[in-house]
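Novice: 3D model of this:
(one chain, ligands or ions: 1)
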Amino acid sequence: MCGIVGCIGNKQAQNYLIGGLHRLEYRGYDSAGIVTIGSDQKATLLRAKGKVSELEKLADKNKSISTIGIGHTRWATHGEPSKTNAHPHKAGDIYLVHNGIIENYKELKSELKKHKFITQTDSEVLAALIDSLYDANTTLADAVNQALKLVVGTYGIAVVSVREPDQIIVARSGSPLIIGIDDDETYIASDASALIGYTNRAIYLNDGEMAICRKNGVELRDLASQPISAQVETIEVDMQAIQKQGYNHFLLKEICEQPTTLRSTLSGRINTKDKSVLLSGLNLSSAELRKIEHVTIIGCGTAYYAGLLGSYYLEQLVDGLTIDVVAASELRYRTFHLPKNTIALVISQSGETADTLACLREIKRRGVKTLGIINAVGSTIAREVDGGVYVHAGPEISVASTKAFTSQVAAITMFGIQVAQAKGTGMQIMSKYIDELAKLPDEIEKIVSKYKDKVAKVAKRYAQYEHALYFGRDTLFPIAMEGALKLKEISYIQAEGYAAGELKHGPIALVDDAFFEVALLIDNWLFDKSLSTLEEVNARGGHIFAITNSKKEIQAEEVIRINTKLDILAPILINVVQQLFAYYMAVARGNDVDQPRNLAKSVTVE
Ligand code: M6R
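Specialist: Now for the predicted structure:
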C-alpha cells in the first residue's frame, strides 16, 4: 500500500526520494510523486501515474539540488489512480503526503471553503485543513498539531512548507512511520527497507506522536505538545536481503531461500538432543503456559492459512487444547467470546495489517494475553503484543507471501511444543515434531533443487486454463486453500481451495474441460479416502495435477512425487511445490510476478 519517504540534510534530496520510493515499490501502488524545496524557498513538485520509473524520468529532466523533500507511492482508496490524485498534495504554502484514511474528510471539506480542491482524495482535505490553520503567527508544527486534533481516521503523514524549509513534520496514528538518523541527515520512511544503506539508526514513531525533523536533530512530541524522549533503535537488515541476487524475481528468490530463512526461525530455539524447545520471547512463565486451555489464532490471507495449518499441529501436540482460527477481517466485527485461560496468537508477516491490528487491540482490551508470530521487526503488531516470536524470515518483498508462511507454521509448532512441554503431555509426538522440524530446512532444499524444473514444465501444460480447483484432506486442506490463493493472486486464474471431502457437496459440479484440479495427497491413514475423491473427479473428466509423497499408483494427468523422510510436516513440502507451480504459471502467463495487479504487500487500510 502507500509508501512515504522524506529527507533533510546536506545531500541532494531527490536521490534518496527516488531511491527510497523504488524500495517501497513492492508494497503495491499506482502513482508516485515527490516535492523538494530549494534554498530560494521554491518547491518543485513532480508526480506521475504508474511506476516510479516514470517519476524518475521526470526527476532526471528536472534535477534539483535541494536538500529537503518528501515523496509518496499511492495505492488508490479515494479517487482513481491518476497524476492529479497522486501525492504530495499542495495547499497554500504546504505540501503533504499521507498514508491511511481520513474518515471525516467530507465533513472537514465542507468547512474548508477557501481551498480550491482539485483532487478526489481525503488526503488533500488534510492538506487544506493544515493550511487553513497555518497563519503568519503559527508554526507548521502547531498547525499540523491542531489539524490532527480534528481528524478522525488513520494517518502517517509528512508535511513540508516553503515558509519553513528547515524542517519536515511527521505524525502517526495507525500508519507506520520511521525516522532514520545519520550525521547531518534525517530520513523518513514508512518502511525500514527504504532506510537500508542510508542509516541503521531509527526512531519508530508510536500512534499519537509527531516529530519535527531537522537535518541535525529530531524533536518528538505527543498531540498535547508535550515533549517525548526518543528511543533510537538499530535496524538489522542488510542490503543483500532486499536485492534479487541473480534471480529473475523476488518471488523465486524467496521460495528458494526458505531453507535458510527457516533455519533462522529455528535457530537457538529447538534442541534435538534433549528434545526441547525454548521460545524466549513469549514472556510467559511455565505456570502460565500450563494454564492455557484455549488458543485463538488470527491473521489474514496467507497468515490465516498458516494459522489454520498450525491449529492441526497444536491440537495434536497439546492434549485437551481447544483452538479457533479466525480471519481477522471477520473477527473484528463479530460478537466473539474468549473462554477463560485463552491465549491469542496474532500472525502477520508485515506486522502492520489493519484488520489483524484491530483484532489485537480488541483482544487486549478484553484482558486476554496476546502473542505475535511476526516477521517484520519493530512493526506495530510486534510492538503491541504481550510477547511472541519473531520468525526472522528476512524482508519479504514479493507481494505473494511464501517464506513467511513456512516460518509462521514452524513458529506455531514450536509454540505448541513449548506448551506441551510445560503441561507434560504428548512426549512421544513432541519428539517426532522436533525431529521433523530440525530436518525441514534440508528437505525443502532438496525439494526446490530436485523439482523446480519439473514443476516449470507442468506449469506450461496448465498455463492456458482460467479455472482451478485445489483439494486436500486434513492438514492438506489449509494447504489447498493456500495453494489456490497463491495461484489466483499472481496468475489471475480463478482458483478455489477445498477440503477434499467437501467436493461431493457442491464443487465437483465445476469439473469440466475448462477446469484443472490440483490434488494434494499424503500417504497416511487418509490416503485411500483421498484416492476415492481423485477417482470421482477423474470419472467426470477432470484434468488432475497431483502432488504427493506417495509411491503408490495415482491416476492423474501429471504427478509430482516428492521423495521425503518427513511425515507430519510433509504438507509444508507439498506447499513448496505449489509455490513453485504458482510462480511458473505466472511467468508463463507473462504477469508481473512480484507486484500483481490490484494488490498491496501490506494492507494497512480496511
Ligand atoms: O502482512 P500479513 O501477513 O499480515 O499479511 C496478510 C495478508 O495480507 C497476506 O498474507 C496476503 O494474503 C498475501 N498477499 C498472500 O500471498
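Novice: Quick check, Leu308 in contact with Pro478.
Specialist: Yes. The pair Leu308 and Pro478 passes the contact test of C-beta atoms under 8 Å, sitting 3.9 Å apart. C-beta here means a position set from N, CA and C on the backbone, and glycine is covered the same way.
Novice: Neighbour count for those two, which is higher?
Specialist: For Leu308 and Pro478, the more surrounded residue by other C-beta atoms under 10 Å is Pro478, and the numbers stand at 26 against 23.
Novice: check contacts around the more buried one.
Specialist: Pro478 makes contacts with Tyr305, Ala306, Leu308, Leu309, Tyr312, Pro571, as judged by C-beta atoms under 8 Å, 6 or more residues apart in numbering.
Novice: so which of those is the most crowded?
Specialist: Most surrounded of the contacts of Pro478: other C-beta under 10 Å gives Ala306, at 32 neighbours.
Novice: phi, psi of that one?
Specialist: phi -60, psi -40 (degrees, to the nearest 10).
Novice: Quick check: closest non-adjacent residue to it.
Specialist: Distance criterion C-beta to C-beta, 6 or more residues apart in numbering; nearest residue to Ala306, sequence neighbours excluded, is Gln408 at 3.8 Å.
Novice: so Asp184 touches Gly9, yeah?
Specialist: Yes. Using C-beta under 8 Å, Asp184 is in contact with Gly9, at 5.3 Å.
Novice: Quickly list what's touching both of the two.
Specialist: Contacts common to Asp184 and Gly9, judged by C-beta under 8 Å, 6+ apart, are Lys215.
Novice: Who has more neighbours out of those two?
Specialist: Gly9 (19 against 13).
Novice: thought the more buried one was touching Glu185?
Specialist: Yes. Taking contacts as C-beta under 8 Å, Gly9 lies within contact range of Glu185: 3.3 Å.
Novice: and for those two, which residues touch both?
Specialist: By C-beta under 8 Å, 6+ apart, the residues touching both Gly9 and Glu185 are Lys215.
Novice: just to revisit the earlier point, and the residue nearest to Ala306, how many neighbours does it have?
Specialist: By other C-beta under 10 Å, 30 other residues sit near Gln408.
Novice: Tell me who's in contact with it.
Specialist: Gln408 neighbours (C-beta under 8 Å, 6+ apart): Ala303, Ala306, Gly307, Gly310, Ile347, Gln349, Ile373, Asn375, Val391.
Novice: residue in the chain nearest to the ligand?
Specialist: The ligand sits closest to Gly301 of the chain, with a gap of 1.8 Å, by C-beta to the nearest ligand atom.
Novice: Which residue, other than its chain neighbours, is closest to that residue?
Specialist: Nearest to Gly301 is Leu485, by C-beta to C-beta, 6+ apart, at 6.5 Å.
Novice: Tell me which helix or strand that neighbour sits in.
Specialist: Using DSSP states H and E, the element containing Leu485 is helix 476-491.
Novice: ditto for Leu252
Specialist: Going by DSSP H and E, Leu252 is in helix 250-256.
Novice: That helix - contacts with which helices or strands?
Specialist: helix 570-588 (3 or more C-beta pairs under 8 Å, 6 or more residues apart in numbering; DSSP states H and E).
Novice: Could you rerun that using 10 Å?
Specialist: Helix 250-256 is packed against helix 403-423, helix 427-462, helix 570-588, with contacts defined by 3 or more C-beta pairs under 10 Å, 6 or more residues apart in numbering; DSSP states H and E.
Novice: Just give me the residue closest to the centre of this protein.
Specialist: Nearest residue to the geometric centre of the chain (C-alpha atoms, centre = their mean): Ser350, 3.6 Å.
Novice: Using the three-state scheme, assign it.
Specialist: Using DSSP: H, G, I helix; E, B strand; the rest coil, the three-state assignment for Ser350 comes out as coil.
Novice: residues touching the closest residue in space to it that isn't next to it in sequence, list them.
Specialist: Of all residues not flanking Ser350 in the chain, Ser602 sits nearest, at 4.0 Å (C-beta to C-beta, 6+ apart). Counting by C-beta atoms under 10 Å, 6 or more residues apart in numbering, Ser602 touches 1-3, 24, 26-28, 75, 176, 190-191, 348-354, 376, 379, 396, 399.
Novice: Asp135 now?
Specialist: So Asp135 contacts Gly92, Ala143 (C-beta under 10 Å, 6+ apart).
Novice: in a strand, that's where it is, yeah?
Specialist: No. Applying three-state DSSP, one finds Asp135 to be coil, outside a strand.
Novice: What pLDDT is listed against it?
Specialist: Listed pLDDT for Asp135 reads 94.
Novice: Quick check: phi and psi at it.
Specialist: Torsion angles, degrees, to the nearest 10, at Asp135: phi -100, psi -180.
Novice: Around the ligand, pick out the residues from the stretch 401-550 of the chain.
Specialist: Ser401, Leu485, Glu489 (C-beta under 6 Å from any ligand atom).
Novice: near the ligand, anything from stretch 65-84?
Specialist: No. Stretch 65-84 lies out of reach of the ligand by C-beta under 6 Å from any ligand atom, never closer than 12.9 Å.
Novice: So which bits of that stretch are buried?
Specialist: 66-77, 79 (16 or more other C-beta atoms under 10 Å).
Novice: quick one: which of the residues you listed is nearest Leu534?
Specialist: Lowest distance from Leu534 to those (C-beta to C-beta) belongs to Trp75, with 41.1 Å.
Novice: Would you enumerate the residues in contact with the closest one?
Specialist: Going by C-beta under 10 Å, 6+ apart, Trp75 touches 1-3, 27-31, 81, 99, 598-605.
Novice: Whichever of those residues end up buried, select them in PyMOL.
Specialist: Applying 16+ other C-beta under 10 Å to the contacts of Trp75, the buried members can be selected in PyMOL as follows:
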select buried, resi 1+2+3+27+28+29+30+31+99+599+600+601+602+603+604+605
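Novice: Could you check how far the closest residue to Ala404 other than its chain neighbours is from Ile397?
Specialist: Distances taken as C-beta to C-beta, 6+ apart place Gln349 nearest to Ala404, at 3.9 Å, with adjacent residues excluded. In this view, Gln349 and Ile397 are 11 Å apart by C-beta to C-beta, to the nearest Å.
Novice: again with Lys51
Specialist: Lys51 is 16 Å from Ile397, by C-beta to C-beta.
Novice: Next one, pLDDT for the residue nearest to Ser350 please.
Specialist: 82.
Novice: Correct me if wrong, but it is in a strand.
Specialist: No. Using three-state DSSP, the assignment for Ser602 is coil, not a strand.
Novice: for it, phi and psi?
Specialist: Dihedral angles for Ser602 - degrees, to the nearest 10 - are phi -120, psi 120.
Novice: more neighbours, Gln349 and Ile397?
Specialist: Gln349 (30 against 22).
Novice: My guess is that one contacts Gly372. True?
Specialist: No. With contact defined as C-beta atoms under 10 Å, Gln349 does not count as touching Gly372 (11.2 Å).
Novice: any shared contact partners between the two?
Specialist: Ser379, Val391.
Novice: so where is the stretch 401-550 of the chain shaky, pLDDT-wise?
Specialist: Low-confidence segments of the stretch 401-550 of the chain (pLDDT under 70): none present.
Novice: so who does Lys601 touch?
Specialist: 1, 3, 24-29, 75, 191, 349-350, 352, 396-401, 594-595.
Novice: again, only this time at 6 Å
Specialist: Residues near Lys601 by C-beta atoms under 6 Å, 6 or more residues apart in numbering: Tyr26, Arg27, Gly28, Val399.
Novice: Check the spacing between it and Val52 real quick.
Specialist: Distance from Lys601 to Val52, by C-beta to C-beta: 15 Å.
Novice: quick check, Leu284 in a strand?
Specialist: No. Read with three-state DSSP, Leu284 is coil and lies in no strand.
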